[in-house]
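Novice: What follows is a predicted protein model with its sequence.
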Amino acid sequence: MNLFTAIKISAYGLSAERTRLGVAAMNLANADVTKTVDGGPYRPKSVVFSAEPYNKTGQGGGGVSFADRFSQGLDALQVVKVAKIVEDKDPFREVYDPNNPDADQNGMVKLPNVNVMEQMVDIMTASRAYEANVTAINTAKSMALKTLEIGK
Amino acid sequence: MKQLFGRIFNTLERAIELETLRNTVITSNITNLDTPGYKAKDVPFKEIMARYLDNPPGGLAMSLKAPSQGHMISMGGSSLAVTDKAHIQTAGGSYGADAVVVRSDERGTPNNVDLDSEMAELAINNIRFQETVQSLIKQFEMLKTAITEGGKV
């Protein structure tokens, strides 16, 4: 067990929250997009998080380090990973705009169903969770630095 | 004769180990703040320390309770073997993964991580850690005083 384990776990949290922030920003940016490469309006996306055992997610794909193998309690530790990014299946918003080139014969244009409020809340939550992870890293850092004082 | 690194050193070492583990577990909780179905975990510091103090490994208790016996053992050379055993126990995880318990489900939600309490526990654990390390530093300082001041007239 060493304090770098805590920092590594937090790093997974930072990366997951940053992905969530990125997806929410993408949803906001594409809130009015009617034409995507797949055809049809843009579909908002959500991030699905999953907890994975720290042991199996060792550094660099080479498993856990020798020192970590002898550490206690590592089996119980879980890191967060982005399991997948799913598309929301909400029906499209329809707006009457006959002048829009994407309008159908009735003059209705299909727009993405992006809930701006929801996305903003998601951005705020992701940002706060990110901060919490940074605090955790700083705590581990201060603990590690304190141990250096033993040898003084 | 008392050991150079006596029971206090061993106890402090165990406390530092546990606090490090606890910090990692709390970090794991914070990281999984938004993971569906994740259950918050904790390390019962008090229980593990109480168990350790009731039943310290190796000849620690012996050297405290019966100094003469401890002396004999250390003279006989078996003290080294005992120390080794304790050391291996620590490194191999004598309290292992079962030291980490799932925190009681007070929120009743699929993900029961409460960020406020986790951050508070993180801060508390950090302060405890600083205290423990400071105590260890003081112990070393006292040891150093005993060594260096002894030669002075």
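Specialist: Now that the structure is in, tell me what you want to look at.
Novice: Count the residues that sit near residue B:25.
Specialist: Residues near residue B:25, counting by other C-beta atoms under 10 Å in any protein chain shown, number 26. For every residue, glycine as well, the C-beta is placed using N, CA and C.
Novice: and it, what does it touch?
Specialist: With contacts defined as C-beta atoms under 8 Å, 6 or more residues apart in numbering or on different chains, residue B:25 is in contact with A:73, A:76-77, B:41-43, B:100.
Novice: Those residues: which two are farthest apart?
Specialist: A:77 and B:42 (12.2 Å; C-beta to C-beta).
Novice: picking that back up, so of the contacts of residue B:25, which ones are in helices?
Specialist: Using DSSP state H, the subset of the contacts of residue B:25 located in helices is empty.
Novice: Looking at these, spot the one nearest residue A:14.
Specialist: residue A:77 (16.3 Å).
Novice: so where is chain B shaky, pLDDT-wise?
Specialist: B:1-2, B:56-98, B:106, B:153 (pLDDT under 70).
Novice: any idea where the helices of it begin and end?
Specialist: Under DSSP H, chain B gives helices at B:7-31, B:45-54, B:60-65, B:67-76, B:78-92, B:115-149.
Novice: the inter-axis angle of the longest one versus helix B:7-31?
Specialist: Right, the one you point to is helix B:115-149. Helix B:115-149 and helix B:7-31 are oriented at 160 degrees to each other (axes from the mean of the first three to the mean of the last three C-alpha atoms, to 10 degrees).
Novice: thinking again about what came up before, as a markdown table, the contacts of residue B:25 with neighbour count would be great.
Specialist: Below are those laid out as a markdown table (neighbours: other C-beta atoms under 10 Å in any protein chain shown):
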| residue | neighbour count |
| --- | --- |
| A:73 | 26 |
| A:76 | 22 |
| A:77 | 29 |
| B:41 | 20 |
| B:42 | 17 |
| B:43 | 24 |
| B:100 | 23 |
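Novice: Show the contacting residues for residue 16.
Specialist: Here I'm looking at chain A. With contact taken as C-beta under 8 Å, 6+ apart, residue A:16 is in contact with A:47, A:49, A:80-82, B:31, B:34.
Novice: Not quite, go with chain B.
Specialist: A:147, B:129, B:132-133, B:136.
Novice: most surrounded residue in these?
Specialist: When neighbours are counted by other C-beta under 10 Å, residue B:129 leads the contacts of residue B:16 with 24 neighbours.
Novice: how close does that residue sit to residue A:123?
Specialist: 34 Å (C-beta to C-beta, to the nearest Å).
Novice: Equivalent analysis for residue B:31, please.
Specialist: 19 Å.
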